[in-house]
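**Q** I would like the atomic coordinates for the input below:
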Amino acid sequence: MAKQADGSVTVRCGETIVLVAAVAASNARPGQEFFPLTVDYRERAAAAGKFPGGYFKREGRPTEKEILTCRLIDRPIRPLFPKGWYNEVQVQSILLSADGENDPDMLSLIGASAALTVSDIPWDGPIGAVRVGRVNGEFIANPTHTQMAESDIDLVYVGNISDHVMFEGAAKEVSEADFLAALQFGHSACQPIIAAQKDLANRAGKPKRAIVVNVVPDEILKEAQALAGDRMIPALLTPKKLEREAAVKAVTQEVGAKLVEKFGAEKVTEFVLKDAFYYIQKAAVRGLILNDNKRLDGRSFDAVRPVSCEIGMLPRAHGSSLFTRGETQAVAVVTLGTTEDSQNFDAYTGGKTEKQFILHYNFPNFSVGETGRIMGPGRREIGHGALAERSLEPVIPLKEFPYAIRVTSEIMESNGSSSMASVCGGSLALMDAGVPMKRPVGGISIGICTESGDQNELKRYQLLTDIIGWEDAFCDMDCKIAGTEMGITGFQLDLKLRGLPHQQMVETIEKARIARLHILGEMAKVLAEPRKEMSKYAPRIITLKINPEKIGALIGPGGKNIKRIVDESGCEINIEDDGTVNIYSVSEDGMQIARKSIESLTAEIEVNSVYRGKVVSIKDFGCFVEVFPGQDGLCHISELANFRVKQVEDIVKMGDEITVKCIGIDEKGRVRLSRKAAMEDRDKEMAEKT
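**A** Below is the predicted model:
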């Protein structure tokens, strides 16, 4: 299929099948200054034998899952294209069949690698990809959705023959040792996948095309280096971000003008200037780290930037926090709602169809002192929000806390790892809201600066705790690890390298643990555990349990009963199939009104219990008393009083309210009531008091 693409494959697991096709443009666009890679993944409803939801019955804009899968594919394949090659490349994956158990995201990632490997597109693959789960202490490669429901780790791992390439996922507070064991298991599981791609390429692959890379002419680069001289180093060592950017800009503008004057504007284009100064800055930053043991902001390699926290700054929010780490700052806001506020979505590929906990991340232009197009969340924002969300979710007891929870992280300032600031700020805001989290969650990013030898082996390196933006841009790794004091809950690795050996990852994980514990300590100085009381503006909840057979009686014909209760109480009421009834309201009086109404409609008569009921029918042998709506019992004439009664009407009339006691329920569910027994109990109680 897709024979006109430069490379195409189908990948199958169970009855899940994806098609992945890759195409590269023949030439770069005139003036192209970056590598334009586009990855697109789409799920078709037809793959699951369904119609799309909505009016048009056609798939629309990509869903969050599709966007996250696009990022999942993009991040490990992007560093493996040749540097300086700017031909546009598109990798497209289409879900053709979905069995509801085997997720297509891993198949699409493997397919992207295989399609590029068999194509004539220059690419330094193949790579293998596997999802790792752990059930009952045993690791599983590519577990089904059913198995994942029991797993304490969800690791997406990408590797080559020898090294780690990328990973991301979540875990239920697993130890660093267990996490590293999962990485090694994933690496081993990738090897047959890589071997299969190499075999496919030997049988069906195309020779790689000749390419032309855009590089700065040597004479211009050498002149730029000479003109910049030692002035670039002091500019780079300016401690604050905006001041550093201004100092570097001043040097580049002055040197750029001299380059244009010497070589002419035709040779010294905007691209040449940009690329030349990127190379100069990159070499200077890496030289400072590897040769001079210096970081741009003056910190030691293991130091975390100063951390400060505030909580409860927003009076109407259900929970709020301000988390600052150096020049990275996030405001996190928590909103609590009913389970009806949970996010529902189509799931053609199986898995969850509802999210009770949501984290949304917003990154406005002003957070980096820039202007730009203002629009909805991009792929980066969705990806960062997903990372923070999965880092926090493992410690939130959603089953015991039946609220929909939304955290919004508004980035106020950014200079390195705002997603981890969102984790820390989100944790504080959740505790401020009174969400009963198991433990606080913190996160940090670890970077690495490397030097390779002649055989591309790792010659020397330096790990960097809490990287800033320029260290991310000019160095080789962004490894984000989030968790509690007990273990890891979220993680994501991005590399600019072809791969990273396991030993360096062992050191990275340990540095992340030490830094995380430090940050958690700083957070604990402000709020160490969830508040006992929620905001007065947050909805309260009462949970009742009723007989599932009574659900119909509670709802009533056409929803009459439940609508009446909602109108009278002002509450929101959710009824689940197992008979769980959740009542939400900010008004205590309203909750009590709703509770009494629900109990009166759904309560069941119990033997030896006393009730106040209404006489609804009179017979010669006694009267029927309605104890609960739709539930009555017979009070025999002999049970109306402690003396002989000639006629029922001598004691009660239609519509009278009387106190009765249940003295029995027969095998057919018929209830026997006694006014006499209720009076005897009352007299006995009064006698005991006197």
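
**Q** mind checking the SS state of the nearest residue to L96 once chain neighbours are set aside?
**A** Leaving aside its chain neighbours, L96 sits nearest to I17 (4.6 Å; criterion: CB to CB, 6 or more residues apart in numbering). Every residue, glycine included, has its C-beta placed from N, CA and C. What DSSP: H, G, I helix; E, B strand; the rest coil gives for I17 is strand.

**Q** now do the one 3 residues further on
**A** Reduced to three states with three-state DSSP, the structure at V20 is strand.

**Q** what's the local residue count around it?
**A** 28 (other CB atoms under 10 Å).

**Q** ok, the one 3 residues further on next?
**A** V23 sits with 18 neighbouring residues when counted by other CB under 10 Å.

**Q** partner residues bridging it?
**A** Q90 (DSSP bridges).

**Q** isn't it up against N87?
**A** No: using CB atoms under 8 Å, V23 makes no contact with N87, being 10.2 Å away.

**Q** ok, now which ones touch the residue nearest to L96?
**A** Contacts here follow CB atoms under 8 Å, 6 or more residues apart in numbering; on that basis I17 touches T10, V11, A47, L95, L96, S97, L107.

**Q** how much space is there between it and F51?
**A** 20 Å (CB to CB, to the nearest Å).

**Q** cool, and I514?
**A** 52 Å.

**Q** higher neighbour count, those two?
**A** I514 (12 against 9).

**Q** which strands and helices sit next to the helix or strand hosting that one?
**A** Taking DSSP states H and E as the criterion, I514 maps to helix 502-524. Contacts defined by 3 or more CB pairs under 8 Å, 6 or more residues apart in numbering; DSSP states H and E place helix 502-524 against helix 176-204, strand 307-311, helix 418-432, strand 442-452, strand 458-465, strand 477-483.

**Q** pull out the buried positions in the fourth one.
**A** It refers to strand 442-452. Under the neighbour-count criterion of 16 or more other CB atoms under 10 Å, strand 442-452 has G442, G443, I444, S445, I446, G447, I448, C449, T450 buried.

**Q** next one: the longest one
**A** Residues of helix 176-204 classed as buried by neighbour count (16+ other CB under 10 Å): 176, 178-187, 189-190, 193-194, 197, 201.

**Q** now do the same contact list for I488.
**A** A171, E173, V174, S175, E176, F179, I481, A482.

**Q** let's see 6 Å
**A** A171, V174, F179 (CB atoms under 6 Å, 6 or more residues apart in numbering).

**Q** swap in V132?
**A** Counting by CB under 6 Å, 6+ apart, V132 has contacts F139, L155, Y157, A182, F185, G186.

**Q** pLDDT on stretch 319-337, on average?
**A** Averaging pLDDT along stretch 319-337 yields 97.

**Q** quick one: that stretch to chain centroid distance?
**A** 16 Å (CA atoms, centre = their mean, to the nearest Å).

**Q** what's around A46, how many residues?
**A** 15.

**Q** coming back round to it: out of the helices and strands packed on helix 502-524, which gets nearest to A246?
**A** helix 418-432 (21.7 Å; CB to CB).

**Q** so which elements touch the closest one?
**A** strand 307-311, strand 319-325, strand 328-337, helix 379-392, strand 404-413, strand 442-452 (3 or more CB pairs under 6 Å, 6 or more residues apart in numbering; DSSP states H and E).

**Q** out of these, deepest packed?
**A** strand 319-325 (a mean of 26; mean count of other CB atoms under 10 Å).

**Q** packing partners of that one?
**A** Using 3+ CB pairs under 6 Å, 6+ apart, strand 319-325 is in contact with strand 307-311, strand 328-337, helix 418-432.

**Q** tell me the strands beside that strand, with direction?
**A** Partners of strand 319-325 in its sheet, by DSSP bridges: strand 307-311 (antiparallel), strand 328-337 (antiparallel).

**Q** contact partners of the helix holding I514?
**A** Contacts for helix 502-524 (CB under 6 Å, 6+ apart): 164, 176, 304, 307, 309, 440, 442, 444, 446, 463, 465, 479, 481, 483, 485.

**Q** ok, back up a step: quick check: bridge partners of the residue nearest to L96?
**A** R12, S97.
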